[in-house]
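[1] Here is a sequence together with a model predicted from it:
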Amino acid sequence: MQCAGMDVLRIFREEANRILRDVGVNLGVEYAKEGFGDFTLPCFPLAREMKKNPAIIAREIAEKLEGGEYYHRIEAVGPYINFHISPKKLASLTLDAVLSGEIFRFEPKGKVVLEHTSANPTGPLHVGRARNPIIGDTMARILREYGHEVEVQYYVNDAGLQVATLLWGIKNLSRDSRYRDGKCDHLLVEYYQAASRLAEEREEVMEGIRELMRRYEAGDEELREFAREKIGCMLDGIRETLERIGVHVDRFVWESEFIPIAREIAERLSDLVEEEDGAYYVDLSKLGVNMQKTKFYLYRRDGTTLYFLRDIAYHIAKGKGASYLVDVLGEDHKLHFQALRAVVNHLHPDIDMRPLFYSFVRLPEGKMSTRKGLVVYLDDLLEEGYARALEVLRDRNYSEEEANSIAEGVAISSIRYSILNVQEEKPITFRWERALSFEGESAPFIIYTYARASSIMRKGSWGGSYSPDLLVHPQEIRLLKLMARYHEVIRNSAERLSPYFLARYAYDLAMQFNQFYRDCPVLSSSGELRESRMALVEAFRTVMRRVLENLGLVPLEKM
RNA sequence: GGGCGCGUGGCCUAGCCAGGAUAUGGCGGCAGCCUCCUAAGCUGCAGGUCGCGGGUUCGAAUCCCGCCGCGCCCGCCA
């Protein structure tokens, strides 16, 4: 057994390549299409080399191949050589790897600092921004599974203009605090909205906000104390929403902490810095980078620092001791990130910064905007999801407590999955029906299969044994093959920084289990077949639970 | 105007990185399935010029070039 854990499918693949090497073919096999075996070797490249018909080459090679215990058939079909996995070997390797937990073991890897959300603490999270925490949290879970030590950070932008606007509003305006539960994010957002409107209309308001910012940067203790309290309360509201959808942040890092360090770093950038009207910027054309914009400002004319400079300081600090950094960012940050990385690497070439970009969630009417009232808050979406789930549960025999807990799990999972099941770079148009779909490609569909499997295991009593040669039904084999892929899916998802691959896998697994459930009765079978099928169900449950946990979906035993 | 991304049946979506054998699947529509391990499930039917045009290749949804449409960015905001 390798120390890296058991990547079952890779064992089969390497065996196929070994068989080919033994007859002098040094090409690797690919996955075959459904109906054409498990792996295939297209012979077109060989045909070109040997100037022979690929179909003839395929036939000649196939005749020389011996499948051994791993392959029960290897045959030429046209210009392809198709490898068919031996079901018995598949069942024994897969079930052993899953039931021993070996399939979930990955080689330990270095530390990753993953930053996500980092929304300005000026209001509640809305669904336009919800992609960030959900993708970020899931990515963190996947990287942990893959063997990394992961620290999740939320960068609190307390030093910028937006927060100064909020603070100015709280100090100078009065609002009716009519919002629910006393959640600060909902309570205080009105001050921010009102203050932003005023600042647009009246120059003296804008000046007041700037003055506040200058005092904040200068370290005015009274103001700092005021800000810590208000922003802290705002963050509590945001954190509460995050925790409700299963998103955990390890550290909230306050941007203002980096102001002194940022000033030191600016000194070290003197070879790039230029001055203009008292403001300072770096000129990235001096680095020979090919960007459409090369001037990035570090200081305003009044000497206060800008986000770009503070972010450089933050990333250098994060880079210490991390094997790499992951930033989960909206597509609007692409240019910023490119420039940021160029500067950070200019000073610290060893810091490995990797972005995970996503496109925005928009409303059918257009981009979400708190100010225009074009907004759906994440809290409201959760409440609506909860209510709809409860409605579905009404005519089932669940106690109130059970129903509430299932509805909460369904709501959280549905929302997370509706985000995760779309490639990150594709835009999403928010629709209630889609975000809260309980059928088809949805979280409830997936979790339902888990509940079905759990129900089988509750009702039967499995002795713990199985016979791999009895699991020969095509549907049993399909399910086993998919489970055997677990290792590869996690690796792919982690290395490509995309939770989406795992989301697809969850759906595929669920679909295959539903087919199995339909075709292969478990509890009404008898003897060793019953035992073996129960082993398969237990293995499915084990893999599925792990997949659900990595996606942050709630594994419900009943629903 | 320039840079980046996206463009697959009425709607949404897979496959694109590493080009191959009949282009995934869902929603909606129509027609069926609960004396049988949970019907949040399953089966069948209808529906596609893979944005358009070139190119590379034995072979292109996939790679390259051009164009069109949409989004994001091009701030002494973040």
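    Received the coordinates, thanks.

[2] Could you look up the SS state of residue A:454?
    helix (DSSP: H, G, I helix; E, B strand; the rest coil).

[3] again, but for residue A:381
    Secondary structure, three-state DSSP: residue A:381 is helix.

[4] What separation do you get for it and RNA strand B?
    The gap separating residue A:381 from RNA strand B is 16 Å, by CB to the nearest atom of the strand, to the nearest Å. The C-beta positions use only the backbone N, C-alpha and C, and glycine is treated the same way.

[5] Can you read off the pLDDT for residue A:176?
    The model reports residue A:176 with a pLDDT of 64.

[6] actually residue A:1, not the one I wrote
    Turning to residue A:1, the model gives it a pLDDT of 43.

[7] what's the answer for the one 3 residues further on, then?
    Reported pLDDT at residue A:4 in the predicted model: 63.

[8] same deal with residue A:371?
    69.

[9] so how far is residue A:456 from residue A:537?
    Using CB to CB, to the nearest Å, we find residue A:537 at a distance of 5 Å from residue A:456.

[10] Identify the residues contacting the least confident helix or strand in chain A by mean pLDDT?
    Least confident helix or strand, chain A: helix A:44-50 with a mean of 80, by mean pLDDT, DSSP states H and E. Residues from elsewhere that reach helix A:44-50, judged by CB atoms under 8 Å, 6 or more residues apart in numbering: A:25, A:27, A:52-54, A:57, A:79.

[11] Can I get these in a markdown table including secondary structure?
    Output for the contacts of helix A:44-50, formatted as a markdown table (three-state DSSP):
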| residue | secondary structure |
| --- | --- |
| A:25 | coil |
| A:27 | coil |
| A:52 | coil |
| A:53 | coil |
| A:54 | helix |
| A:57 | helix |
| A:79 | coil |
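
[12] What subset of the residues you listed is buried?
    Taking 16 or more other CB atoms under 10 Å as the criterion, what is buried in the contacts of helix A:44-50 is A:25, A:54, A:57, A:79.

[13] what two of those have the greatest distance between them?
    A:25 and A:79 (14.0 Å; CB to CB).

[14] hey, where'd the helices end up in the stretch 1-150 of chain A?
    A:8-22, A:44-50, A:54-64, A:87-99, A:131-145 (DSSP state H, counting those that start in this stretch).

[15] worst average pLDDT in the ones you listed?
    helix A:44-50 (a mean of 80).

[16] coming back round to it: between the contacts of helix A:44-50, which is nearest residue A:342?
    Taking CB to CB as the measure, residue A:342 lies nearest residue A:27 of the contacts of helix A:44-50, at 40.0 Å.

[17] list the contacts for residue A:519?
    A:473, A:475.

[18] The stretch 151-300 of chain A: strands as residue ranges?
    A:251-254, A:273-276, A:279-283, A:295-299 (DSSP state E, counting those that start in this stretch).

[19] could you give me the average pLDDT of the first one?
    Meaning strand A:251-254. Here the average pLDDT along strand A:251-254 is 96.

[20] How about the backbone phi and psi for residue A:354?
    Residue A:354 adopts backbone torsions of phi -120, psi 130, taken as degrees, to the nearest 10.

[21] Correct me if wrong: it contacts residue A:328.
    No - using CB atoms under 8 Å, residue A:354 is not in contact with residue A:328, being 10.2 Å away.

[22] can you give me the strands in the stretch 351-500 of chain A?
    Using DSSP E, counting those that start in this stretch, strands in the stretch 351-500 of chain A cover A:353-358, A:361-362, A:428-429.

[23] Could I get the contacting residues of the residue lying closest to residue A:90 once chain neighbours are set aside?
    Spatial nearest neighbour of residue A:90, chain neighbours left out: residue A:480 (5.3 Å); criterion: CB to CB, 6 or more residues apart in numbering. If you count contacts by CB under 8 Å, 6+ apart, residue A:480 has them with A:87, A:90-91, A:94-95, A:471, A:536.

[24] ok, residue A:188 - contacts?
    Shown in contact with residue A:188 (CB under 8 Å, 6+ apart): A:123, A:166, A:170, A:230, A:233-234.

[25] okay, these in a markdown table with neighbour count next?
    As requested, the contacts of residue A:188 are exported to a markdown table (neighbours: other CB atoms under 10 Å):
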| residue | neighbour count |
| --- | --- |
| A:123 | 26 |
| A:166 | 28 |
| A:170 | 19 |
| A:230 | 20 |
| A:233 | 16 |
| A:234 | 27 |
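
[26] which ones among the residues you listed are found in helices?
    Among the contacts of residue A:188, DSSP state H puts A:166, A:170, A:230, A:233-234 in helices.

[27] What ranges does the stretch 151-300 of chain A have for its helices?
    Counting by DSSP H, counting those that start in this stretch, the stretch 151-300 of chain A has helices at residues A:161-172, A:184-201, A:203-218, A:221-244, A:259-268.

[28] what's the burial count for the closest residue to RNA strand B within the stretch 1-150 of chain A?
    Nearest to RNA strand B, among the residues of the stretch 1-150 of chain A, is residue A:44, at 2.6 Å (CB to the nearest atom of the strand). Applying other CB atoms under 10 Å, we find 12 residues neighbouring residue A:44.

[29] ok, back up a step: export the contacts of helix A:44-50 to JSON lines and append columns for distance to RNA strand B.
    As requested, the contacts of helix A:44-50 are arranged in JSON lines below (distance: CB to the nearest atom of the strand, whole Å):
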{"residue": "A:25", "distance to RNA strand B": "15"}
{"residue": "A:27", "distance to RNA strand B": "11"}
{"residue": "A:52", "distance to RNA strand B": "13"}
{"residue": "A:53", "distance to RNA strand B": "11"}
{"residue": "A:54", "distance to RNA strand B": "7"}
{"residue": "A:57", "distance to RNA strand B": "12"}
{"residue": "A:79", "distance to RNA strand B": "7"}
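
[30] beta partners for the nearest residue to residue A:118 once chain neighbours are set aside?
    In this structure, residue A:118 finds its nearest non-sequential neighbour in residue A:155, 4.1 Å apart by CB to CB, 6+ apart. In this structure, residue A:155 bridges to residue A:253 when assessed by DSSP bridges.

[31] from memory residue A:155 sits against residue A:253, does it?
    Yes - assessed by CB under 8 Å, residue A:155 is found in contact with residue A:253 at 5.5 Å.

[32] low pLDDT regions in the stretch 401-550 of chain A?
    By pLDDT under 70, the stretch 401-550 of chain A contains no weakly predicted segment.

[33] Same check on the stretch 101-250 of chain A?
    A:176-181.

[34] Can you pull the residues of it lying near RNA strand B?
    A:120, A:157, A:159-162 (CB under 7 Å from any atom of the strand).

[35] and of the helices of the stretch 151-300 of chain A, who's closest to residue A:403?
    Residue A:403 sits nearest to helix A:221-244 of all these, at 17.8 Å, using CB to CB.

[36] buried ones in the closest one?
    Buried-residue list, helix A:221-244, by 16+ other CB under 10 Å: A:223, A:226-227, A:230-231, A:233-235, A:237-239, A:241-242.

[37] and if you look at stretch A:310-328?
    In stretch A:310-328, counting by 16+ other CB under 10 Å, buried: A:310-316, A:318-319, A:322, A:324-328.

[38] again with stretch A:386-394
    A:386, A:388-390, A:393.

[39] Likewise for stretch A:283-299?
    A:284, A:287, A:294, A:296-299.
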